[in-house]
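> Fold the following for me, if possible:
(4 chains)
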There are 4 protein chains.
Amino acid sequence: MALLGAGRIGSIHGGNVAKNGHARIAALYDPLQVNADRLAGELGCEQMTPQQIFARDDIHAVLICSTADTHADLIEQAVAAGKHVFCEKPIDLSLQRARQCVQRVSQSNCKIMVAFNRRFDPDFQALQQRVEAGGVGAVELVSIISKDPAPPSVEYIKTSGGLFRDMTIHDFDMARFLLAEEMISVSAQAACQVDAAIGEAGDVDTAVITMTSASGKLVQISNSRRASFGYDQRIEVHGSDGMLVAQNVNENTVVAYNQSGVRSAKTLSSFRERYAAAYRAELDGFVRCLMGEAVTLPGLDDGLRALMLAEAALLSLQQRRTVNLTELD
Amino acid sequence: MALLGAGRIGSIHGGNVAKNGHARIAALYDPLQVNADRLAGELGCEQMTPQQIFARDDIHAVLICSTADTHADLIEQAVAAGKHVFCEKPIDLSLQRARQCVQRVSQSNCKIMVAFNRRFDPDFQALQQRVEAGGVGAVELVSIISKDPAPPSVEYIKTSGGLFRDMTIHDFDMARFLLAEEMISVSAQAACQVDAAIGEAGDVDTAVITMTSASGKLVQISNSRRASFGYDQRIEVHGSDGMLVAQNVNENTVVAYNQSGVRSAKTLSSFRERYAAAYRAELDGFVRCLMGEAVTLPGLDDGLRALMLAEAALLSLQQRRTVNLTELD
Amino acid sequence: MALLGAGRIGSIHGGNVAKNGHARIAALYDPLQVNADRLAGELGCEQMTPQQIFARDDIHAVLICSTADTHADLIEQAVAAGKHVFCEKPIDLSLQRARQCVQRVSQSNCKIMVAFNRRFDPDFQALQQRVEAGGVGAVELVSIISKDPAPPSVEYIKTSGGLFRDMTIHDFDMARFLLAEEMISVSAQAACQVDAAIGEAGDVDTAVITMTSASGKLVQISNSRRASFGYDQRIEVHGSDGMLVAQNVNENTVVAYNQSGVRSAKTLSSFRERYAAAYRAELDGFVRCLMGEAVTLPGLDDGLRALMLAEAALLSLQQRRTVNLTELD
Amino acid sequence: MALLGAGRIGSIHGGNVAKNGHARIAALYDPLQVNADRLAGELGCEQMTPQQIFARDDIHAVLICSTADTHADLIEQAVAAGKHVFCEKPIDLSLQRARQCVQRVSQSNCKIMVAFNRRFDPDFQALQQRVEAGGVGAVELVSIISKDPAPPSVEYIKTSGGLFRDMTIHDFDMARFLLAEEMISVSAQAACQVDAAIGEAGDVDTAVITMTSASGKLVQISNSRRASFGYDQRIEVHGSDGMLVAQNVNENTVVAYNQSGVRSAKTLSSFRERYAAAYRAELDGFVRCLMGEAVTLPGLDDGLRALMLAEAALLSLQQRRTVNLTELD
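Next up is the predicted model:
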């Protein structure tokens, strides 16, 4: 395999390939030389340009971990070269470009995975399996709470595509994953409360999105760019026979009792720790798929659908009305 | 005091007067004779018509626990007779009639309380006090989860004014209570998932409402007419410095560990049990107010504001758009 | 009813009689006039000497809430006068005197209840019922954690009979209540760690007691005179099919999430609050028994057995060995 | 490194060496050829006899994971050959033989670690660090709950040395680790309740042990060979300023709410999963120590002390009295 992008997320996936046992990073590329040098050293692999990588017969798959604006191009080039693709979300910040990309590679036999890591989180997976098995009866209302511990830099915000395309996109995908059906309408409310500079950059940092699914179920998403207590990642699924809740993950199980109350450990605050198992499982899933196992992986269509929901949410926010997904066709 | 209405809620308030020690139910009225007889027996009080009650000099206050369509008339008559008023929500199902009532009694010196019992729940009160004291820093997002254990009869639904005026009204009030400011816009999404007969009666049974406050904070409310596991009444207040959550109240503290997992007790399922302390505290608050203590009680304006939010939610649902409260002026 | 003793515990029981509805405190006595005046005022009852009380035909029962050294005498006198008796633990600090008392009243038809209030705690009662119903299969190990929030004064300690007779006695009774069988051996370890003055007074303040029941089950009790975080009152019952745990009761359900962790409310710290429902239920149970209902109440034999276990624990501590209950015969 | 013993525990440590990155298993030995073949295949290492291993200059350390009766001999031989030693508990089932072994290797410069894995559990380590940092003030009472999910075979029981030497030995070590001081007396009570065959083999399956430390603190241990709900491994440390509790580890964070209550996930039931992080951390600690880092590891003295406590507990059980550790000198 080769790694395109050796930043924060690239080094997570690169490390997980190393632990996988059935795959190996043969080469990597990063335009930022310091990143490339560091990770190539850690993984003990060569450095090559994307073109060199695509030209190599003994590299069977690429992991696209570069900036969002390069994803669509790299997917197209990799597929043209016959490589399997593991790509970070989003396909592209532009829905139009993403659609074009999806269409261009639609005839290929290459495996293409869009890395929605939360589908692989053990807790959310246990939740999904129990929902699917009828654990709450007929699902009626899904609540996804998803808050980052702290806001990114305003520089990041400016190129991120905005809260919905950058952060909520995970929650849009989670809603589709849990309900196993499409959303048909979106209504979004949002505010800039965490950092005024985010507002000046034209983005929001707190949002509540409500969606209706094809069968009429309701989904609500709460987002914030800041949760001072950690990485707040919870899901509630309410149905005719009960409710299932995936709670936050804490640093340890130690509980302290004293005069000020009963204190449990802090909620994990880094995405790296919180989703360590998920990152590993998604990489393992990709490898198992390449080895011929029948594994269901999130693909380009999932990437596109999540992006459409982000687009609809943005439109809803601007026009202060419920937006039907059909409006985006 | 006199009790107008001797049904389910009338008997709760009547019982709490008996326990209060500083007040006494002297008389009651209920058009349903069986109710009137039963409760008059329990409380050891006389039966009188509302007119007889209003004419009595030694009755200083009335508790209006009759059907919603009689509230506005009884408030006006009681105030005209110089009685203090403790009135169940809503003031009236019609916003116009409620406004008229509020205006007509606006010059009176009588104390008028609208019985939003949840403001008196010890857990929610602890939450409100800590929020007010800066426990989460600047509030950014409030989530109110409010689900009944089981839907009422369709007959009840038909005269209830609909989910927003009947059930969500408590949550609208809670949002104003917690944020100590007004809501300026409302967006509602809803569905009929619990009982098709509710939909045939023109109502919904599952809803998600999002509001924005005057200072830009976000509030989301989740409602369902059915929570098979009990009375689901939780509140989360997320702010710049953390989050405060008022959790559900369980039947007891016993936890069972066995092969199927770790099982805590069931969530309390009757409003009577869940809000027993709140009902008692609101009655005590009313009595203390009459005795001259400086107690802040929810009043007619609070009743009106909650009703306006219900009206706005209904409009939002019908027109599939965010409604500004100013549209209702 | 009449109340003998108008101190802290007397006023709890007196108040609960007032709430009961089927009984009334007609008279009370306390050698400390200030106590007697205060409570007689609150309850609106007369003051009489014990002799006057025993002589009254219209007083059917007495609640003995006086100091421990008067219990046995008052039980005997009350029973001689044909009064039913509700007596605080212990029967007497001397096992010999307690046995004599029990024997002297053994022929009487009067109802005599020893007020082991914890048997009436709703949580512990739920626990006991589930254990009895086979909720853990065959019981193998019971752990009773029982710690006071703060040590009493050394003056109290000196007349208390020591930790085992004063505090552990509740836990000895609880073990018998939960297992529904007798203990046959006791082994105690203890230390003075909370307050050196307690040690100087010849007592201990921290203890671990292990008992074996007739059928071979193990029971362990942990005691401390101080739990800075509140009134630590928990029970674990471990059996062949699982474990049941009655947890502490917290002040409210509000949970705070912030940078230092997840903080629940403080454990209730006053016995008055923690066992409010238990005190009320035990009084109600006594009244129901007097009214002819078939209620199982802890009686003189239970009081005696708990005292024997305290005696055995003391002997074990002194002789550093396991003591068989038969040694006390 | 070389591995002596390729059974259940040997394969855990072997796997952790593979993950460590700074060490490698060069050879292994197991008298059971099927075990040796399987693990040598997995680890890609040679098979050698212990004598061949001790003779190799390029093998710097051995991991002794063989049966308990071979530990002392292998420690002595390894040290004689100049190898560093990582040895599973116990040093030997015989206290005398263990003492002899410790004395024989006392002059060596080899690093010798006795693998008390629980000292390396992240939760227990967080607990220990907070206790050491004064998190509960002065420690007064430590409660260690340690129950296996299911009893081993009677064949295992017969060669295990009995509950105290086989299972409680971890808890004896934990008490010393948490209190950072020696125990001076032991009192044990036990029963055979889980499996009559265990009793016929002369062992017990349920036990409560109470110890006093040199400074007078109390420690209680609860053991059972069976906890139907999983691997029950909890610790409570009660002190002058509060209490710290390390709770059980559950399979996931999903909580289910339905008509029968609130159900959390099952407690982890395999020692392999429950202590996976601990096994890894202890191996890493050993490697870091060999690489010259200043790491505090449990050593031969710790192994000996834990064994002495097991011996004292056995004596206490037989003689039904508190045993002073000095009696074993």
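
> residues in the stretch 101-250 of chain A within reach of chain C, list them.
Residues of the stretch 101-250 of chain A lying close to chain C by C-beta under 8 Å from any C-beta of the partner chain are A:227-230, A:232, A:250. The way it works is simple: take the backbone N, C-alpha and C, and place the C-beta from them, glycine included.

> could you pick out which of those residues are near chain B?
Checking those against chain B by C-beta under 8 Å from any C-beta, the ones in range are A:227-229, A:232.

> In TSV, list these along with neighbour count.
Listed next are these as TSV, based on neighbours: other C-beta atoms under 10 Å in any protein chain shown:
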residue	neighbour count
A:227	26
A:228	21
A:229	24
A:232	24
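
> Among those, list the two that are farthest apart in space.
A:228 and A:232 (9.7 Å; C-beta to C-beta).

> Report the set of residues contacting both of those two.
Shared contacts of residue A:228 and residue A:232, defined by C-beta atoms under 8 Å, 6 or more residues apart in numbering or on different chains, are absent.

> which one of the ones next to chain B among the residues of the stretch 101-250 of chain A next to chain C is nearest residue D:74?
Distances from residue D:74 to these, taken by C-beta to C-beta, are shortest for residue A:229, at 49.8 Å.

> hmm, who's touching stretch A:198-208?
The contact list for stretch A:198-208, computed with C-beta under 8 Å, 6+ apart, reads A:151, A:154, A:157-158, A:160, A:162-164, A:168, A:188-195, A:220-226, A:313, A:317, B:140-141, B:210, B:218, B:220.

> From chain C, how far off is the residue most central in space within chain A?
With distances taken as C-alpha atoms, centre = their mean, residue A:116 lies nearest the centre of chain A, 3.7 Å away. According to C-beta to the nearest C-beta, to the nearest Å, residue A:116 and chain C sit 26 Å apart.

> With residue A:138 instead?
29 Å.

> Could you check how many residues crowd around the closest residue to that residue other than its chain neighbours?
Leaving aside its chain neighbours, residue A:138 sits nearest to residue A:240 (4.5 Å; criterion: C-beta to C-beta, 6 or more residues apart in numbering or on different chains). Neighbourhood size, residue A:240 [other C-beta atoms under 10 Å in any protein chain shown]: 16.

> Please spell out which residues along the longest helix seen in chain A are buried.
Using DSSP state H, we find that the single longest helix of chain A is helix A:300-319. Within helix A:300-319, the residues that count as buried by 16 or more other C-beta atoms under 10 Å in any protein chain shown are A:300, A:302-314, A:316-317.

> What separation is there between the residue with the largest distance to the centre of chain A and chain C?
Relative to the mean C-alpha coordinate of chain A, counting by C-alpha atoms, centre = their mean, the farthest residue is residue A:259 (41.4 Å). Going from residue A:259 to chain C by C-beta to the nearest C-beta gives 6 Å.

> same deal with residue A:9?
Taking C-beta to the nearest C-beta, one finds residue A:9 at 26 Å from chain C.

> Check residue A:93 too.
Distance from residue A:93 to chain C, counting by C-beta to the nearest C-beta: 33 Å.

> what's the answer for residue A:185, then?
Taking C-beta to the nearest C-beta, one finds residue A:185 at 32 Å from chain C.

> how many neighbours does that residue have?
The number of residues near residue A:185, taken as other C-beta under 10 Å, comes to 19.

> same thing with residue A:265?
Per other C-beta under 10 Å, the neighbour tally for residue A:265 reads 20.

> Likewise for residue A:22?
Neighbours of residue A:22 (other C-beta under 10 Å): 10.

> ok, now the one 3 residues further on?
The criterion is other C-beta under 10 Å. On that basis, residue A:25 has 25 neighbouring residues.

> so it makes contact with residue A:1?
Yes - between residue A:25 and residue A:1 there is a contact at 5.5 Å, judged by C-beta atoms under 8 Å.

> Pull up the overlap in contacts between those two.
residue A:17.

> Quick check: the residue of the stretch 101-250 of chain A nearest chain C.
Minimum separation of the stretch 101-250 of chain A from chain C (C-beta to the nearest C-beta) falls at residue A:229, amounting to 3.9 Å.

> In terms of pLDDT, where does residue A:329 sit?
Residue A:329 carries a pLDDT value of 88.

> on that earlier part again, now do the same contact list for the residue nearest to the centre of chain A.
A:89, A:170, A:173-174, A:177, A:282, A:298, A:302-303, A:306.

> How about the secondary structure of the nearest residue in space to residue A:140 that is not next to it in sequence?
Of all residues beyond its chain neighbours, the one nearest residue A:140 is residue B:193 (4.5 Å), with distances taken as C-beta to C-beta, 6+ apart. Residue B:193 falls in the coil class when you classify it by DSSP: H, G, I helix; E, B strand; the rest coil.

> Repeat that for the one 5 residues further on.
The assignment at residue B:198 comes out as helix when based on three-state DSSP.

> now the closest residue to it other than its chain neighbours: how far from residue B:150?
Ranked by C-beta to C-beta, 6+ apart and with sequence neighbours excluded, the top spatial neighbour of residue B:198 is residue B:205, at 4.8 Å. Distance of residue B:205 to residue B:150, computed by C-beta to C-beta, to the nearest Å: 11 Å.

> any shared contact partners between those two?
Shared contacts of residue B:205 and residue B:150, counting by C-beta under 8 Å, 6+ apart, come down to B:225-226.

> okay, these two: which has more neighbours?
Taking neighbours as other C-beta under 10 Å, residue B:205 and residue B:150 compare with residue B:205 leading, 24 against 13.

> Residue of the stretch 101-250 of chain A closest to chain D, please.
residue A:242 (3.3 Å).

> Can you name the residues bridging to the residue nearest to that residue when sequence neighbours are not counted?
Distances taken as C-beta to C-beta, 6+ apart put residue D:258 closest to residue A:242, at 3.3 Å, once the chain neighbours are dropped. Note on residue D:258: beta-bridge partners residue D:261, judged by DSSP bridges.

> just to revisit the earlier point, and the longest helix of chain A, what's its mean pLDDT?
98.

> just stretch A:121-137 next, same as before
The model assigns stretch A:121-137 a mean pLDDT of 98.

> hmm, who's touching that stretch?
With contacts defined as C-beta under 8 Å, 6+ apart, stretch A:121-137 is touched by A:118-119, A:139, A:174, A:177-178, A:180, A:235, A:237-244, A:246-247, A:249, A:275, A:277-278, A:281, B:228, D:251-254, D:256, D:258, D:265.

> contacting residues around residue A:110?
Applying C-beta under 8 Å, 6+ apart, the residues near residue A:110 are A:78-79, A:82-85.

> I'd like to know how far it sits from residue A:80.
9 Å.

> go on, residue A:203?
Residue A:203 is 34 Å from residue A:80, by C-beta to C-beta.

> who's more crowded, those two?
Neighbours were counted for residue A:203 and for residue A:80 using other C-beta under 10 Å; residue A:203 has more, 22 against 13.

> and the more buried one, what pLDDT?
98.

> From chain B, how far off is it?
15 Å.

> Filter the contacts of stretch A:121-137 down to the buried ones, PyMOL style.
Selection of buried members from the contacts of stretch A:121-137 for PyMOL, criterion 16+ other C-beta under 10 Å:
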select buried, (chain A and resi 118+119+139+174+177+178+235+237+238+239+240+241+242+243+244+246+247+249+275+277+278+281) or (chain B and resi 228) or (chain D and resi 251+252+253+254+256+258+265)
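
> Take the contacts of stretch A:121-137 and keep only those in helices.
If you go by DSSP H, the contacts of stretch A:121-137 have A:174, A:177-178, A:277-278, A:281 in helices.

> picking that back up, list phi and psi for the residue nearest to residue B:198.
phi -130, psi 0 (degrees, to the nearest 10).

> possible to save the ones in helices among the contacts of stretch A:121-137 as JSON lines with pLDDT and distance to residue D:130?
As requested, the ones in helices among the contacts of stretch A:121-137 are arranged in JSON lines below (pLDDT from 0 to 100; distance: C-beta to C-beta, whole Å):
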{"residue": "A:174", "pLDDT": "98", "distance to residue D:130": "35"}
{"residue": "A:177", "pLDDT": "98", "distance to residue D:130": "38"}
{"residue": "A:178", "pLDDT": "98", "distance to residue D:130": "38"}
{"residue": "A:277", "pLDDT": "96", "distance to residue D:130": "26"}
{"residue": "A:278", "pLDDT": "98", "distance to residue D:130": "29"}
{"residue": "A:281", "pLDDT": "97", "distance to residue D:130": "32"}
